[in-house]
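Engineer: Any chance you can model this:
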Amino acid sequence: MQNGGAPARPGSWRTNEVSPYRHPCPERAGRAAGAGRGCGLMREAVFIGGVQEPAPDLHDLLAMVARGDHDAFARVYDAVSGPVLGLVRSVLRDPAQSEEVAQEVLVEVWRCAARFQPERGGAMAWVMTLAHRRAVDRVRSSQATTNREHRAALLEQTPAFDEVTEQVEARLEREQVRRCMRTLTDLQRQSVTLAYYRGLTYREVAELLGLPLGTVKTRLRDGLIRLRDCLGVTA
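Structural biologist: Numbers count the residues shown, from 1 in each chain. Purely as a prediction, here's the structure:
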């Protein structure tokens, strides 16, 4: 592959030549060559007309990516995309998010290849460190979002301060009223309960209790006076 002004490799690649150096079944090479049976002949790439140059390793490819070499990045992508996705998915457990984060990692490799420092570790280790950091950041971001939503839901369910205060005051008043009601006589308590808690008229209270109307009015008046004194209500 040529890139920019890089010199071309000497010789050429041919893929249909029969290798004279290696055969998968040496003991049957002669028979298989003519009949096409058995193991057959291994067809492999043979470099003709020069010395084969070693393929650049990941370290060298990253250096080329740092100079903007798109072909080098394509080779880096092929080399690291699988391990990156595997690592990210082991952290996130979510396929869709894992693919998204893996793409973010590879974009970061393209943009930040110049930051790779070979003296501090291998190229694959550097890429996997980027992947792990990105995955952990996504987990923390997702957890923070979940926490905010949880707090917002709790706030929506929590009554406002004024509402809580009113509820407490009403509860305390009810408790005090109950306590004062226990200080009344049975007739006073029955008369007050029927007239003021059940909404009956004086005549209806008298008929329900089987008492004269005047007696009921007197018991109600006495009961209300005692309740007022017990509750500390001033006229």
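
Engineer: where along this structure do the helices fall?
Structural biologist: 29-35, 58-66, 70-92, 95-112, 123-157, 161-181, 186-192, 202-209, 213-231 (DSSP state H).

Engineer: got CSV for those, with mean pLDDT and mean neighbour count too?
Structural biologist: Bear in mind the C-beta positions are built from the backbone N, C-alpha and C, glycine included. Putting the helices of the chain into CSV (pLDDT from 0 to 100; neighbours: other Cβ atoms under 10 Å) gives the following:
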stretch, mean pLDDT, mean neighbour count
helix 29-35, 39, 12
helix 58-66, 93, 19
helix 70-92, 94, 17
helix 95-112, 94, 16
helix 123-157, 86, 14
helix 161-181, 72, 11
helix 186-192, 85, 18
helix 202-209, 86, 16
helix 213-231, 86, 16
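
Engineer: Identify the residues contacting stretch 89-109?
Structural biologist: Contacts to stretch 89-109, defined as Cβ atoms under 8 Å, 6 or more residues apart in numbering, come from residues 62, 65, 73, 76-77, 80-81, 84-85, 88, 127, 130-132, 134-136, 138-139, 142.

Engineer: mind running it again at 7 Å?
Structural biologist: Outside stretch 89-109, the residues that touch it by Cβ atoms under 7 Å, 6 or more residues apart in numbering are 76-77, 81, 84-85, 88, 127, 130-131, 134-136, 138-139.

Engineer: ditto for stretch 173-181
Structural biologist: Residues outside stretch 173-181 that contact it (Cβ under 7 Å, 6+ apart): 189, 227, 230-231.

Engineer: Return the closest of these with respect to Leu58.
Structural biologist: For these, the residue nearest Leu58 by Cβ to Cβ is Leu231; the value is 85.5 Å.

Engineer: picking up where we left off before, using TSV, please lay out the contacts of stretch 89-109 together with distance to Arg111.
Structural biologist: Shown next, in TSV, are these (distance: Cβ to Cβ, whole Å):
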residue	distance to Arg111
Val76	13
Tyr77	14
Ser81	16
Val84	15
Leu85	19
Val88	18
Val127	13
Leu130	11
Ala131	15
Arg134	13
Ala135	18
Val136	20
Arg138	18
Val139	23
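
Engineer: Out of these, which comes closest to Thr218?
Structural biologist: Comparing those against Thr218 with Cβ to Cβ places Val139 closest, at 76.3 Å.

Engineer: how near is the closest one to Asp71?
Structural biologist: Separation of Val139 from Asp71 (Cβ to Cβ, to the nearest Å): 34 Å.

Engineer: what does Lys217 give?
Structural biologist: Lys217 sits 106 Å away from Asp71, going by Cβ to Cβ.
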